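Q: Pasting a predicted model and its sequence here:
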Amino acid sequence: MSNKRKADMYDPLSDNFKRREFPFYWVAQLNARYTQEMERLLKKVDMDVPRWRIIMILKEHSELSISEIADHAVAKLPTTTKILYRMRDEGLVILKTSPEDGRVTLVSLTDKGLDRLEEIRGSVSQLFKRSFKGLTSAQISRANTLLAKIYDNLVQGADWN
């Protein structure tokens, strides 16, 4: 089979298209399974995926605006805002007005938020280990590189329409 025909099986418009060979099929399957597993694990510790994601983002970045958190979490701004106000009420985050721009709300983790993160990390780590069993660090790094390249292609192509 020529390289052209082999590559055709990945293109949904091709007569040679194979659903199980389509990379986005596996991305969707992987995301759905990961989300199901995370929901199951987090429910046991009274947490959910959106709050977990925000806590992890803030652990890495210390302080971000609500819109920056929404971008990192790949979530809509109104949804992120609602979650953050709920997290504030739970004592997990601090919201404050930016001294540079009064229209911007900055968010940071509280000590309680950091404590919740530490409570949860063990079970999430077990999911990571199970998910990547049999893969080397180099393979995981290569997968990240490939996924980032595909993401960049999608972002660059977003203005083609």
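A: Alright, I've got the coordinates. Residues are numbered from 1 along each chain as shown.
Q: So residue 133 versus residue 139, what's the distance?
A: 12 Å (CB to CB, to the nearest Å). Every residue, glycine included, has its C-beta placed from N, CA and C.
Q: what about these two, which has more around it?
A: residue 139 (11 against 7; other CB atoms under 10 Å).
Q: Show which residues not belonging to the strand or helix carrying the more buried one make contact with it.
A: Here residue 139, judged by DSSP states H and E, is contained in helix 137-157. If you take CB atoms under 8 Å, 6 or more residues apart in numbering as the criterion, helix 137-157 is touched by 23, 27, 132, 135.
Q: residue contacts, the third one?
A: Read it as residue 132. The neighbours of residue 132, taking CB under 8 Å, 6+ apart as the test, are residue 140.
Q: list the contacts for the closest residue to residue 50 other than its chain neighbours?
A: Leaving aside its sequence neighbours, residue 50 sits nearest to residue 83 (CB to CB, 6 or more residues apart in numbering; 5.1 Å). Listed by CB under 8 Å, 6+ apart, the contact set of residue 83 reads 50-51, 54, 75.
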